[in-house]
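Asks: coords below, sequence missing:
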């Protein structure tokens, strides 16, 4: 522990998410002291395309740091370390000499690279690189997004091969800017984010030259891969945190797993955010799924052995509520969805399958698109609202079934976190369709908390994982109440609805 951290009472987490950027101040008990938050624009240039402005994200990052520190009434001298967590796979390519992005950030939900995926899969199928990186070929991951930029942005290929362009997921973009940008910015990422590119060998934890060659990506663009918990550099670009060590990086879903203290093999969490993400810790064992789950990194602490995980990624859950609000005007605020859905006893026979970006786990169907099925004259907007919430629970049940099949150990309870876990109707229905209890922790902001823990462990603010684990506490538990016959009936209808979304995208569908 350095002198600058020995008297510090707090850790700051920067949570660069899909819809907003936050800075959260945590104390030693893992309790939130203050928060700063700003949303950024969601840019949809075409159907299936999703972008963010990296410059806006960086501006917001600086501003939310100021908000959080001022609301806590603290200075940089009170802060032991900074941790970063981020929307994974979202791809930024920028000029290292000017600091300017060459194109908007291409968001993880974006599906424009399906033709590139098809091209790569023509030689070896979608599992062509799975034994190296644990992932199928899919537009979700960062690799094909970089390829798209190099192939479609004028001059990008030449500048990249000349060594002038850098790639990073948003953790790398924020870190590079915080540590000085064009004036000595540090170009790094951690193993969890690197594992979402298609490029990292899960065994060596290094970029794989054969995959890079097959995808024609200049290695000089890529950040150096480090552990999830070590000092990467100090803040230079923000006077409010100047000289504070940046000491933790975790992709958002791994950060939430860390914040839930799921450190042992078999422990799992499910995050309810823009999408849903189930992560099951598999310890030091590298497990490849037979049931549509991803093999990924859970975390690596300093020089310790890496910890692996299986992940069930669901593209659209919370963003379905956002779509009902913004695109259909069904509600005027996301918080109204629970009351509207609760005004009816059931879904009225309606099922909503939100395959806006195709279907992720366990199907991995890029040709799927969203569907609302079972409509009759009886159906009201309340039934559609309820069906939208239920879609989140149904999708979670399917990835949990896949996890149970892969691990052979059925889950006995599900730890949950994220913005949607305040919705009692959803959490009760989740317990009902799973048939196991659903448990919410006292601190539901586990994504930011995980990044704070990783940073704090690196500088000695917390001594070990046992001290972190002791901070976890249960807030609320939902027990299943649905009869088994009814559970099987609604699951059967849900699966029938899912099949109706398949094979929608043809070559001439836009």
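Replies: Everything's here; your move. Model, not experiment: these values are computed from the prediction.

Asks: tell me which residues of the longest helix that the chain contains come out buried.
Replies: Counting residues, the longest helix found in the chain (DSSP state H) is helix 381-407. By neighbour count with 16 or more other C-beta atoms under 10 Å, helix 381-407 contains the buried residues 381-403, 406-407. All C-beta spots, glycine's among them, are computed from the backbone N, C-alpha and C.

Asks: going by contacts, tell me the helices and strands next to it.
Replies: Applying 3 or more C-beta pairs under 8 Å, 6 or more residues apart in numbering; DSSP states H and E, one finds that helix 381-407 makes contact with strand 268-272, strand 276-283, strand 307-314, helix 318-326, helix 337-342, strand 351-353, helix 424-434, helix 484-499.

Asks: apply 7 Å and report the result again.
Replies: On a contact count with 3 or more C-beta pairs under 7 Å, 6 or more residues apart in numbering; DSSP states H and E, helix 381-407 meets strand 276-283, strand 307-314, helix 318-326, helix 337-342, strand 351-353, helix 424-434.

Asks: could those be laid out in JSON lines, adding distance to residue 359?
Replies: Below are the helices and strands packed on helix 381-407 laid out as JSON lines (distance: least, C-beta to C-beta, whole Å):
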{"stretch": "strand 276-283", "distance to residue 359": "13"}
{"stretch": "strand 307-314", "distance to residue 359": "9"}
{"stretch": "helix 318-326", "distance to residue 359": "13"}
{"stretch": "helix 337-342", "distance to residue 359": "22"}
{"stretch": "strand 351-353", "distance to residue 359": "8"}
{"stretch": "helix 424-434", "distance to residue 359": "18"}
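
Asks: and the ones you listed: which comes nearest residue 290?
Replies: strand 307-314 (10.8 Å; C-beta to C-beta).

Asks: got any ranges where the stretch 151-300 of the chain has weak pLDDT?
Replies: Applying pLDDT under 70 to the stretch 151-300 of the chain flags residues 238.

Asks: cool, the chain as well?
Replies: Scanning the chain for pLDDT under 70 picks out the ranges 1-6, 238, 507-510.

Asks: repeat that with 80
Replies: Within the chain, the ranges that satisfy pLDDT under 80 run 1-7, 237-239, 407-411, 444, 506-510.

Asks: can you name the farthest residue from the center of it?
Replies: residue 377 (38.2 Å; C-alpha atoms, centre = their mean).

Asks: contacts for the host helix or strand of residue 298 next, please.
Replies: In the assignment (DSSP states H and E), residue 298 maps to strand 294-299. The contact list for strand 294-299 (C-beta atoms under 7 Å, 6 or more residues apart in numbering) reads 134-135, 191-192, 195, 202, 228, 250, 254, 257-258, 279, 281, 286-289, 306-311, 313, 361.

Asks: same question for stretch 109-116.
Replies: For stretch 109-116, contacts defined as C-beta under 7 Å, 6+ apart pick out 48-50, 139, 144-145, 147-148, 315, 357-358, 366.

Asks: distance between stretch 203-215 and the chain's centre?
Replies: In terms of C-alpha atoms, centre = their mean, to the nearest Å, the centre of stretch 203-215 is found 23 Å from the chain centre.

Asks: how many other residues sit next to the spatially closest residue to residue 56 that is not a sequence neighbour?
Replies: Excluding the flanking residues, the one nearest residue 56 by C-beta to C-beta, 6 or more residues apart in numbering is residue 40, at 4.9 Å. Counted by other C-beta atoms under 10 Å, the residues lying close to residue 40 total 21.

Asks: would you mind measuring from residue 40 to residue 370?
Replies: According to C-beta to C-beta, to the nearest Å, residue 40 and residue 370 sit 24 Å apart.

Asks: ok, residue 27 next?
Replies: Distance, residue 27 to residue 370, using C-beta to C-beta: 42 Å.

Asks: of these two, which one has the most company?
Replies: Neighbour totals were compared for residue 27 and residue 370, and residue 370 leads with 18 against 13 (other C-beta under 10 Å).

Asks: for that one, what are its contacts?
Replies: 353-356, 501.

Asks: got the contact list for residue 78?
Replies: Residues counted as contacts of residue 78 (C-beta under 7 Å, 6+ apart) are 8-10.

Asks: give the ChimeraX command for selecting the buried subset of those.
Replies: Buried residues within these, by 16+ other C-beta under 10 Å, are selected in ChimeraX with:
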select :8,10
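
Asks: right, I'll call it a day here.
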